[in-house]
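Chemist: need the 3D shape of this:
(chains A and B)
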Amino acid sequence: MRAVMVALALVGSPVAAQEVAREDGLDAWTRIYAVASHPRCTNCHVGESGRPGWAGLGYGAERLHAMNIQAGESRIGAETIPCRVCHIGASGPNSVPHAAPQVDDAWRLPPVELAWRGKTSVEVCEQMRDPERNDGFDVAGLVEHVRESAFVNWGFVPGGGREPAPGSAAALASDIEAWGAAGLPCEDG
Amino acid sequence: MGRVKTIARRTFLIGSAAIAGGVAFGAYLVARDPDNPLTAEAGQGDAVFNPWVKVNADGITLVTPHTDLGQGAASMQAMLIAEELDVDLDQVTTTVGVPAAAYYNTALASEAVPFRSNDTGFAAEAMRDTMGAVMKVLGAQVTGGSTSVPDSFDKLRRAGAVARETLKRAASEETGLPVANLRTERGAVILPDGTEILYTDLAATAATLDPVTDVTLRDPSEWRLIGTDQKRLDIVAKSTGTQTYGIDLKVEGMKHASVRMNPRKGALMLGFDAAGADKMRGVDQIVALPYGVAVVADNTWRAFQALDQIEVDWDAAPFPAEQADHWAEVAASFTDERLDKEWRNDGDIEGALAGGDVVEAEYRAPYVAHQPLEPLSAIALVGQDRVDIWAAHQLPRFVQQRIAGKLEMEPEQIHLHNQYAGGSFGHRLEFDNIDVAVDIAAKLPGTPIKLTFSREEDFAQDYSRQIGMARGRGAHANGQVTALDLDIATVSAARSQSKRLGAPVPGPDTQIPAGAWNMRYALPHARVRAYAVPELAPTSSWRSVGASTAGFFAEGFLDELIVAAGADPMAERLRLVNDPDARAVLEAVAEMSNWGEALPEGTGRGVALVTSFGVPTAEVVEVQQTDAGLRVTRAWVAAEVGRVVDPITFENVVAGGVIWGLGHAMNSEITYSDGRAEQGNYHMAEGMRLHQCPVIEVRGLENGDAIRGVGEPPVPPAAPALANAIYAATGKRLRQMPFFHEVDFV
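Modeler: Numbering: from 1, shown residues only, chains lettered A, B, ... in the order given. Okay, here's the model as predicted:
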């Protein structure tokens, strides 16, 4: 249906085509934001507090990571008890719900400027298209990050009955491509 | 040694307690002291004065038969013996001893009788004596009911004194000096000229003497150990991670097993598909049991992994499958037919309700698991003529009798090597780990089987705290609480538990209203009625038993009445309190917390006073609102225990009880779905986290006549004090545990 609509739009004026592409990009963004705002992602994109959250199986409403975990200035965990004390930096089956999940990457919180927990769709959108606040990525970089990152991929298949982020890493990557092709539109800007 | 002496040494004098139960059991049976279990094993030169003290040339051994569940029981028992024996704790070895009738618990009867603990009338005392006689005749060796200290306090000091006096007699025989000229100090008899003869050097002579039983216990002014801070015997091992618990034990040649039992507790297994689990690395055997399936492997982890591969067809639960139906059954239990007993009816409750401003409320308490940190485990070795079991258990003699019955052997053939427990909270009053280990071992005779429950299996098979509900009505007039009418309906944990023990308890269940009917308040109009809900999911004693639910109902609802009356929660309780010990603990926490001082915005304090196991305990809890949720900041606790044996252990046990009570009130419940407990590990029932723990200040009062135990009494006031504090801070009244459903905690 979407393809048909795009095709119909292309038959019309170039202006109409751009409008549709923007609409298409915003649709893609809506799906991207559904992922980005999901607790599976916002658990870690937490900003200056340095305190990751917990959401998913058995934890009820979103709450702070237990044991009063704080990432510290380094973001790798308070220096005396880094994330890797519990979270192993190698891929694992992640089938035991109460065990610390494992991914093939070094556990840490995203940098402070990448925080988007609690932010609106527009705020996150503007942040994500700004290389100053998205870890220096252009669109291709974002797409590659989503396709390659062990963390992002784990978020869709966390295992152990944990609640996954909606969709898949592949769908997220193609949504970012579509959003990029539409000129990285945000809803009111 | 002549026969007369042998007989004299086989028995011992328990003490001077009057036994009124002679009529019921026959005076002989009650008056007769059980055999001294140390005699059977005593070798040449072993002086065994009574069931608790053995001295030989190698050293001094104190037997501490109350199971150490982390509460410090071993150190406490050793201290009491050592006090009168005149030894220091670094001079002795302790051992838990063998299960024996001699170790029957003389204090257990008190909480089982339907009288207030401060009731010393004839009927109450006579019934306590009778129950005490029952315990003696049964040889009920029990660790539980906060009785380790009251059971031990006189008995073990006496055991030490008997040994000391006998050693002095031995020194007298060896030296020709009169006993009156001898004294003892630090493991030695001291002669008038200062010469020391070590107890260990006197053992051989002492072994030939009849124990001197005519002893006088020392005046408290002469105590060296009791009442002083002692270093617990296990403190180094616990601090360095080297303490050996039951789950750490190794036995030569043992194999490792784990089990998956029907998660619908009490139901059987219909069938299973091992699906190649028997071919997995390290797997030795798949063992079918009526109630489940076990894997025997070369290590525990592989047994766990293999169990995960086995598909089992389970039978349906013998109780409602869904939690809502459990609550519906509880709610339907406030009927005349289910009235277990009307425990209190003072004044004119109906008249008072008609004449005042009425408040009504309904309270709830969920099922909660025991969830000790050390999951259940046991090692069992079944031989032709003897069975050996290594496990931590609170009822060693019952283990013997149970397994003897199961294997058609004599109890004497069952050898329980009781172990140090990594927590229990009532969990180790049950027998699943023992039963399963023996069932597996019986299929592999001659091979020691070490059974370890996974955490999930431990949760799934636990017998929870009683589920319950209370309906309160009350009235206030002129700024004062005038009437309180509390109907409490819970399932009977005592009946559920005693049914499994094969010894049903007759009469009303004292634990349904425990902590409520015995409120030490002079309410002019007060009624407490207990209703017994027919058994739903099986339940068991959970640290503080009935008072952990009824105490919450009573003190939560009383707080509502006080607030409705416009009174101060502390002042109104102090106005109502009618017992000097209870008043003293309330006054203590008021003073400790500086009750009434101005508090910052968003901070609130709550108070609760609950008497359980004879110990009036008052707690003030403080909470603070923060952006992220409520923070429990401080707690003050005072308990009247008659005598504090070891201030450090006392403080730790009390603080631990507060943490336990608060954490479970905040975060823990067991709910059933499809007949199974939905919570399988700590991530779903986590109690309190380290960073959530408030600063806790503890005070032990010593005004009472009787010495009491404090393992359980700090638990019941914690939940209502927290709920009352949350009300004070937020205006939100919490009437059902766990509180996390309604408020966020930092």
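Chemist: next one, pLDDT for the closest residue in space to B:A317 that isn't next to it in sequence please.
Modeler: Leaving out its chain neighbours, the residue that sits closest to B:A317 by C-beta to C-beta, 6 or more residues apart in numbering or on different chains is B:G675, at 2.9 Å. Every C-beta, even on glycine, is put in place using the N, C-alpha and C of the backbone. Looking at B:G675, its pLDDT is 97.
Chemist: hang on, B:G675 packs against B:G266?
Modeler: No. Applying C-beta atoms under 8 Å, one finds B:G675 not in contact with B:G266, separated by 9.9 Å.
Chemist: need the residues touching each of the two.
Modeler: Taking C-beta atoms under 8 Å, 6 or more residues apart in numbering or on different chains as the contact rule, B:G675 and B:G266 both touch B:317, B:319.
Chemist: find the nearest non-adjacent residue to the residue in the stretch 501-650 of chain B that chain A sits nearest to, please.
Modeler: Residue nearest to chain A within the stretch 501-650 of chain B (C-beta to the nearest C-beta): B:A628, separated by 6.7 Å. Leaving aside its sequence neighbours, B:A628 sits nearest to B:V746 (C-beta to C-beta, 6+ apart; 5.0 Å).
Chemist: can you check B:I449 too?
Modeler: Closest to B:I449 by C-beta to C-beta, 6+ apart is B:A441, at 4.3 Å.
Chemist: got the contact list for the residue of the stretch 501-650 of chain B closest to chain A?
Modeler: A:64, B:744, B:746.
Chemist: shaky segments in chain A?
Modeler: Residue ranges of chain A with pLDDT under 70: A:1-20, A:56-61, A:189.
Chemist: centre-most residue in it?
Modeler: Computing the C-alpha centroid of chain A and ranking residues by C-alpha atoms, centre = their mean puts A:A36 first, at 3.9 Å.
Chemist: do chain B as well
Modeler: Centre-most residue of chain B, counting by C-alpha atoms, centre = their mean: B:G144, 3.6 Å.
Chemist: against chain A, how distant is that residue?
Modeler: 30 Å (C-beta to the nearest C-beta, to the nearest Å).
Chemist: if I pick that residue, what's in contact with it?
Modeler: Contacts of B:G144 by C-beta under 8 Å, 6+ apart are B:108, B:394-395, B:426, B:429, B:541.
Chemist: what do you get for B:L202?
Modeler: B:47, B:55, B:167, B:170-171, B:174, B:189.
Chemist: number of residues surrounding B:V358?
Modeler: Using other C-beta atoms under 10 Å in any protein chain shown, the number of residues around B:V358 comes to 16.
Chemist: so what sits opposite the nearest residue to it once chain neighbours are set aside in the bridge?
Modeler: Distance criterion C-beta to C-beta, 6+ apart; nearest residue to B:V358, sequence neighbours excluded, is B:A475 at 5.3 Å. According to DSSP bridges, the partner residues bridging B:A475 are B:V358, B:A483.
Chemist: let me see the contact set for B:A475.
Modeler: Counting by C-beta under 8 Å, 6+ apart, the residues that B:A475 touches are B:352-353, B:355-359, B:481-483, B:525, B:561.
Chemist: rerun that using 10 Å as the cut-off
Modeler: Applying C-beta atoms under 10 Å, 6 or more residues apart in numbering or on different chains, we find B:A475 in contact with B:349, B:351-359, B:481-485, B:525, B:561, B:564-565.
Chemist: distance of it from chain A?
Modeler: For B:A475 relative to chain A (C-beta to the nearest C-beta), the value is 38 Å.
Chemist: how many residues are close by the residue of the stretch 601-746 of chain B found nearest chain A?
Modeler: Residue of the stretch 601-746 of chain B nearest chain A, by C-beta to the nearest C-beta: B:H691 (3.4 Å). B:H691 has 13 neighbours, counted by other C-beta under 10 Å.
Chemist: doesn't it fall inside a helix?
Modeler: Yes. With DSSP: H, G, I helix; E, B strand; the rest coil as the criterion, B:H691 is part of a helix.
Chemist: and the residue lying closest to B:L268 once chain neighbours are set aside, what does it touch?
Modeler: Nearest residue to B:L268, sequence neighbours excluded (C-beta to C-beta, 6+ apart): B:D315, at 4.9 Å. By C-beta under 10 Å, 6+ apart, the contact set of B:D315 is B:262, B:264, B:266-271, B:291, B:675.
Chemist: need phi/psi at B:D315.
Modeler: phi -80, psi 170 (degrees, to the nearest 10).
Chemist: roughly how far does the closest residue to chain B within chain A sit from A:C86?
Modeler: For chain A and chain B, the shortest gap (C-beta to the nearest C-beta) falls at A:N68, measuring 3.4 Å. Separation of A:N68 from A:C86 (C-beta to C-beta, to the nearest Å) stands at 13 Å.
Chemist: on that earlier part again, just to check, the residue nearest to B:I449 is in contact with B:W390?
Modeler: No. Checked against C-beta atoms under 10 Å, the pair B:A441 and B:W390 is beyond contact range at 11.3 Å.
Chemist: who touches both of these two?
Modeler: With C-beta under 10 Å, 6+ apart, B:A441 and B:W390 have common neighbours B:254, B:378-381, B:448, B:450.
Chemist: turn those into TSV, including pLDDT.
Modeler: Output for the shared contacts of B:A441 and B:W390, formatted as TSV (pLDDT from 0 to 100):
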residue	pLDDT
B:M254	97
B:A378	98
B:I379	98
B:A380	98
B:L381	98
B:P448	98
B:K450	98
